[in-house]
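Visitor: structure of the sequence below:
(chains A, B, C and D)
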Protein chains: 4
Amino acid sequence: MKRIGVLTSGGDAPGMNAAIRAVVRKAIYEGLEVVGIFHGYQGLIDGNMEVLNLGSVGDIIQRGGTKLYSARCPEFRTEEGQQKAIEQLKANGIEGLVIIGGDGSYRGSMTLTKNGFPCVGIPGTIDNDIPGTDYTLGFDTALNTVIDCIDKIRDTATSHDRTFIVEVMGRDAGDLALWAGLAGGAETIIIPEVKMNMEEVVERLKSGTSRGKKHSIIIVAEGVMSGSEFAAKLMEHANIETRVSVLGHIQRGGSPTGRDRVLASMFGARAVEVLIAGSGGRAVGIQNHQVIDYDMNEAFEKSEVFDQNMYQLSKELSI
Amino acid sequence: MKRIGVLTSGGDAPGMNAAIRAVVRKAIYEGLEVVGIFHGYQGLIDGNMEVLNLGSVGDIIQRGGTKLYSARCPEFRTEEGQQKAIEQLKANGIEGLVIIGGDGSYRGSMTLTKNGFPCVGIPGTIDNDIPGTDYTLGFDTALNTVIDCIDKIRDTATSHDRTFIVEVMGRDAGDLALWAGLAGGAETIIIPEVKMNMEEVVERLKSGTSRGKKHSIIIVAEGVMSGSEFAAKLMEHANIETRVSVLGHIQRGGSPTGRDRVLASMFGARAVEVLIAGSGGRAVGIQNHQVIDYDMNEAFEKSEVFDQNMYQLSKELSI
Amino acid sequence: MKRIGVLTSGGDAPGMNAAIRAVVRKAIYEGLEVVGIFHGYQGLIDGNMEVLNLGSVGDIIQRGGTKLYSARCPEFRTEEGQQKAIEQLKANGIEGLVIIGGDGSYRGSMTLTKNGFPCVGIPGTIDNDIPGTDYTLGFDTALNTVIDCIDKIRDTATSHDRTFIVEVMGRDAGDLALWAGLAGGAETIIIPEVKMNMEEVVERLKSGTSRGKKHSIIIVAEGVMSGSEFAAKLMEHANIETRVSVLGHIQRGGSPTGRDRVLASMFGARAVEVLIAGSGGRAVGIQNHQVIDYDMNEAFEKSEVFDQNMYQLSKELSI
Amino acid sequence: MKRIGVLTSGGDAPGMNAAIRAVVRKAIYEGLEVVGIFHGYQGLIDGNMEVLNLGSVGDIIQRGGTKLYSARCPEFRTEEGQQKAIEQLKANGIEGLVIIGGDGSYRGSMTLTKNGFPCVGIPGTIDNDIPGTDYTLGFDTALNTVIDCIDKIRDTATSHDRTFIVEVMGRDAGDLALWAGLAGGAETIIIPEVKMNMEEVVERLKSGTSRGKKHSIIIVAEGVMSGSEFAAKLMEHANIETRVSVLGHIQRGGSPTGRDRVLASMFGARAVEVLIAGSGGRAVGIQNHQVIDYDMNEAFEKSEVFDQNMYQLSKELSI
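Guide: Residues are numbered from 1 along each chain as shown, chains lettered A, B, ... in the order given. Prediction:
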């Protein structure tokens, strides 16, 4: 292997730039050449790429977003699109690819691997919803962004004796809501993995009030329902007035935390090692405090384990 | 004057705690006793108060929210409520009051001043909408909270070539939107003081696109319309797809900036000086880089001057 | 077990308050009473303590430092001091203790356990140097504080083409220096676990310069030598001029990160569970992504494993 | 005027990039061409420069440091150096210059103005020590960096009942120390403008202790003496043990605050307007809440007014 490519795909996540940097530097350290492909698979199809050197990735370890840009690419889901991509890989002498993104981005890469261009995936998404890795890149940063917001909202909630509903990202996975709720001292956490029981929610709020608690924070993962819907339900069920805060896209941005930068560095280096070893169709991750690589199919098949203990803990500590 | 009271009223703002601290310490320095009244005018009516000493205000200069709590108080708008408040002031030997809040809070205090309990107002609101002072307490902190969010959103906007609409606080005053837009490098700023021209907005977006600009940030003050409404209008008028981020209550919280802490310290000390001088019905403020006090009526009558130059500058720099 | 105590000892670390909160809430959830002991072992000897309830630990999850204060206590190392402590435990009906601190604090607790007052340790130190746990409380926050500083210093280093030496905490353990160096993109990292080779350091700097690199960040753990000493050596060996920044005590403060708050919550709850189970002389920790408890002696005997791979990675990525 | 240059000189300050952006965009808005000169006056002598367009200053408003780099330039103080600079200006068709830096940088520009190349200065320094402007660019950001550090140190000071000495930047001007001390709630502030009275310092510390105060923060501007010297003196005079924290170069870096970005935008635009008006030898500034420009000589002659009221206030509030 002489020349590899790297691209970011799907929603951006803090740490993607640090991962790009690690891929480039590790590859150069190992004597490879690296091509940066812009705008995800679309850029691959269009041949929108350039060689990256040490200087190309200087001063980006701390930047949010992705220097290589990202995009959805419906064309790449067609056979024709994939064929164009393969031709570009050939034409540009790219022998392997590092794909930084979520599971949708992983899927796209499987075709390339099958066609003789080994791909390795780096899990880049704030949702922490990729099976096979304990953490995804960007999750730790998003967690800290969310608790920073909760801390601010608590100032107002406390000052005005109000109940706030904070809507956080998470379509199918409640990790961000659960961690942020536990770390933010939220009284109630609503996540997709646990069937919501409105009676219990109301009961907790009322029991808190009867103990003298005058303000409360409720975290709702967007996958369950929107903050406004939840507020309407609370009003309807129990005549409880609340304010709603929808954190939105700020959760995706910002300078990556120390942990995300370290993770990005380890993931990037491992991805290059896997390509050098001649393997494709693999994903890197961290399990039990160890960087690993594993069959990418596991990222699709295995369902993410929900941390029931942590959920229970959040209830016990918010009495 | 031997004993004064202090209360916070209306929406909370960063720096209120620092102002409480300054009032208490300056008063004690001058040999006065200070009573903290909880939950705004409601606490005054209910006699919900306690003496504050140096230790009571230790370690609060950096805290968001208000240690004295805040609340709306419809009862205080009735003659009966005001009578109760006056009786509490008498019963507790409170001879003067410092009111920290917005113009609504100022109005409430006028009755007390007229009844022989001189009140001095400290402008505490993130909206920067109180005539007579160049800055209100909390504005600088809210500004920095908003630009921190804009910086994060720009990471995502850039990575995905998207246009974002960011809705910020400001019912009648566009200062927060204007300052944050200028400081955040926003391409377009929509504020209540300037009649919106949708054709011009679309024109700017399109001209940016034609020059190669692929992402854009539009700031909308909530007083004009909601971010979603604006997004719908853009779609309807020009078929431009956007994402919306509503910053909401996080703008009210957080540790106050250096400037807000300094302002709070100066305002609190001056308010006590004014009370000692025997004056009531006055508000403190900062004008032309000088701490001042002025007739509270000016805070109601004079209309806030809009900074046309700054608005023009924001347009010139975002070409 | 009906009544337990909790104290913080040794250098403070971010997350100690979150751990106190978790101990108190979990204990109350389990039907126990909790006594907070002030100023570490000294407070235990002096009987300086009070019962903590749910409200006592409200609004502290996000605070740096320790609400229970900390102190060194030479008296507790004497038999007489220990006897006094035991009498206080008896007099106050305290049947078990949670000790939050470093290994020195753990040692002190062994005597109490042996005397029938089971103690459980929670690793609270920014140094990440306690054997048996992958992470200590406060390490993640300190890491982020350090990289925030490095990011700021890099602004100046880049603008002026300078080499900076950044001295970080770490007497015997280089974890903070290593993680921060990797996450901060430092060119060279000097830690106690690896014998420093000044020739190699100079070689790296010169090779960077010859490739066009004009600024450089060197991280030095205080346990190796001070930043100034290192600067003097660089000047002496190779006539290289540098600036020194000693981060100092800011590394110990600040609001804990999401991860440290989650860790604190898990550690606190587990410590209470261990006490309820009747065990003493144990420490809680996290290993392989799982909260564990283990024989406290392992925290003294086993030597902390140094992550050679991570050190190697930091070199490869900073070429 | 068709073509102007811009350079940054002296110590870097947050907001310099935002000022460069404003100069470039305003100039282009007005139909001028802008040349960015690298590494200050040295780059001018060496002809190290390039044309800047709208894209060149994209995404830099929020960055610390200076994209144009800065450097000291002894050669420019010689007549020969100045002659070379003038020849470069001629050769590159640059008719006027914007100089962003401190008063040393201003001085250098006077020769160019006298030789027919009008120069306008933008005050860029965290020291807030340039006569004629109420604030310099970078001061507000540095203030917030320092109070963030003080907040962290206070966590540790409080937890351990310790007195901390915090050394901040400021050779001749105590503004940063004074503002940060007031905003950080420091008990004692030592600045160059006020003759230090060690007896009074000790008296304040002891009187605090006697009132039950167990921790204390002392801010020392580096221009008076180093933190370590001050600690030694305190030990010698009164046997008071302290810890020292030297904040160092982190005070110069970081993303500029909202206020510094707004100031930078206004300063940059005004500087271009002054050049277009054909004036040289002028400096821009802010006075009484208004952007102004004034004879650059005033920046050398007039001595900066020290805010005695603010110093007095800091004493009254830290009783």
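
Visitor: CA atoms for contacts and neighbours, from now on please.
Guide: Fine.

Visitor: which element is residue A:6 on?
Guide: Residue A:6 is part of strand A:3-8, with elements assigned from DSSP states H and E.

Visitor: pull up the pairing partners for that strand, direction included.
Guide: strand A:33-37 (parallel), strand A:96-101 (parallel) (DSSP bridges).

Visitor: who touches the first one?
Guide: The contact list for strand A:33-37, computed with C-alpha atoms under 8 Å, 6 or more residues apart in numbering or on different chains, reads A:2-7, A:24, A:27-28, A:43-44, A:47-53, A:68, A:94.

Visitor: output it as PDB - backbone C-alpha positions only.
Guide: Provided in PDB are the C-alpha atoms of strand A:33-37 (Å, rounded to 0.1, in the frame of the first residue of the first chain):
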ATOM      1  CA  GLU A  33       0.900   9.200   0.800                       C
ATOM      2  CA  VAL A  34      -2.500  10.500   1.900                       C
ATOM      3  CA  VAL A  35      -5.200  12.000  -0.300                       C
ATOM      4  CA  GLY A  36      -8.000  14.100   1.400                       C
ATOM      5  CA  ILE A  37     -11.300  13.600  -0.300                       C
END
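
Visitor: contact partners for residue A:66?
Guide: Counting by C-alpha under 8 Å, 6+ apart, residue A:66 makes contact with A:8, A:12, A:13, A:16, A:17, B:155, B:159.

Visitor: show me the helices in the stretch 151-300 of chain A, by range?
Guide: Using DSSP state H, counting those that start in this stretch, the helices found in the stretch 151-300 of chain A span residues A:175-184, A:198-210, A:227-238, A:258-276, A:298-301.

Visitor: so which of those is the most surrounded?
Guide: Across those, averaging neighbours per residue (mean count of other C-alpha atoms under 10 Å in any protein chain shown) puts helix A:175-184 on top, at a mean of 28.

Visitor: touching chain C at all, that helix?
Guide: Yes - residues of helix A:175-184 contacting chain C under C-alpha under 8 Å from any C-alpha of the partner chain: A:179, A:180, A:182, A:183, A:184.

Visitor: for the residue of chain A found nearest chain D, which non-adjacent residue is closest in space?
Guide: Residue nearest to chain D within chain A: residue A:63 (10.4 Å; C-alpha to the nearest C-alpha). Leaving aside its chain neighbours, residue A:63 sits nearest to residue A:255 (5.1 Å; criterion: C-alpha to C-alpha, 6 or more residues apart in numbering or on different chains).

Visitor: hang on, that neighbour packs against residue A:59?
Guide: No - contact between residue A:255 and residue A:59 fails when scored by C-alpha atoms under 8 Å: they sit 11.9 Å apart.

Visitor: near chain B, which residues of the stretch 201-319 of chain A show up?
Guide: Near chain B, when you scan the stretch 201-319 of chain A using C-alpha under 8 Å from any C-alpha, you find A:245, A:246, A:247, A:248, A:249, A:250, A:251, A:252, A:253, A:254.

Visitor: if we can go back for a sec, keep only those of the contacts of strand A:33-37 that are in strands.
Guide: A:3, A:4, A:5, A:6, A:7, A:49, A:50, A:51, A:52 (DSSP state E).

Visitor: how close does the residue of the stretch 151-300 of chain A found nearest chain C sit to residue A:258?
Guide: Across the stretch 151-300 of chain A, the shortest distance to chain C (C-alpha to the nearest C-alpha) belongs to residue A:288, at 3.7 Å. Separation of residue A:288 from residue A:258 (C-alpha to C-alpha, to the nearest Å): 19 Å.

Visitor: center of chain A, which residue is that?
Guide: residue A:125 (1.7 Å; C-alpha atoms, centre = their mean).

Visitor: contacting residues for it?
Guide: Counted by C-alpha under 8 Å, 6+ apart, residue A:125 has contacts A:11, A:12, A:13, A:101, A:102, A:136, A:137, A:138, A:139.

Visitor: any idea how far it is from chain B?
Guide: 13 Å (C-alpha to the nearest C-alpha, to the nearest Å).

Visitor: state the pLDDT value of that residue.
Guide: pLDDT for residue A:125: 96.

Visitor: any idea how far it lies from residue A:169?
Guide: 11 Å.

Visitor: how about the residues of the stretch 51-200 of chain A by chain C?
Guide: A:61-62, A:140, A:143-144, A:147, A:151, A:179-180, A:182-185.

Visitor: can you redo those residues as a markdown table with distance to chain B and pLDDT?
Guide: Listed next are those as a markdown table, based on distance: C-alpha to the nearest C-alpha, whole Å; pLDDT from 0 to 100:
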| residue | distance to chain B | pLDDT |
| --- | --- | --- |
| A:61 | 14 | 97 |
| A:62 | 12 | 96 |
| A:140 | 15 | 98 |
| A:143 | 14 | 98 |
| A:144 | 13 | 98 |
| A:147 | 11 | 98 |
| A:151 | 7 | 97 |
| A:179 | 19 | 98 |
| A:180 | 15 | 98 |
| A:182 | 19 | 97 |
| A:183 | 17 | 98 |
| A:184 | 14 | 97 |
| A:185 | 16 | 95 |
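
Visitor: stretch A:92-112 - what's its average pLDDT?
Guide: 96.

Visitor: which strand or helix spans residue A:121?
Guide: Element membership of residue A:121 [criterion: DSSP H and E] is strand A:119-123.

Visitor: residue contacts, residue A:160?
Guide: A:215, B:12, B:39, B:69, B:70, B:71.

Visitor: on that earlier part again, of the contacts of residue A:125, which belong to helices?
Guide: If you go by DSSP state H, those have residue A:139 in helices.

Visitor: quick one: which of the contacts of residue A:125 has the most company?
Guide: residue A:13 (36 neighbours; other C-alpha atoms under 10 Å in any protein chain shown).

Visitor: who's more crowded, residue A:255 and residue A:59?
Guide: Ranked by neighbour count (other C-alpha under 10 Å), residue A:255 and residue A:59 place residue A:255 first, with 26 against 17.

Visitor: do you know how far the more buried one is from residue A:229?
Guide: 32 Å.

Visitor: which residues touch stretch A:223-237?
Guide: Everything outside stretch A:223-237 that qualifies as a contact, by C-alpha under 8 Å, 6+ apart, is A:165-167, A:169-173, A:190-192, A:198, A:202, A:220, A:240-246.
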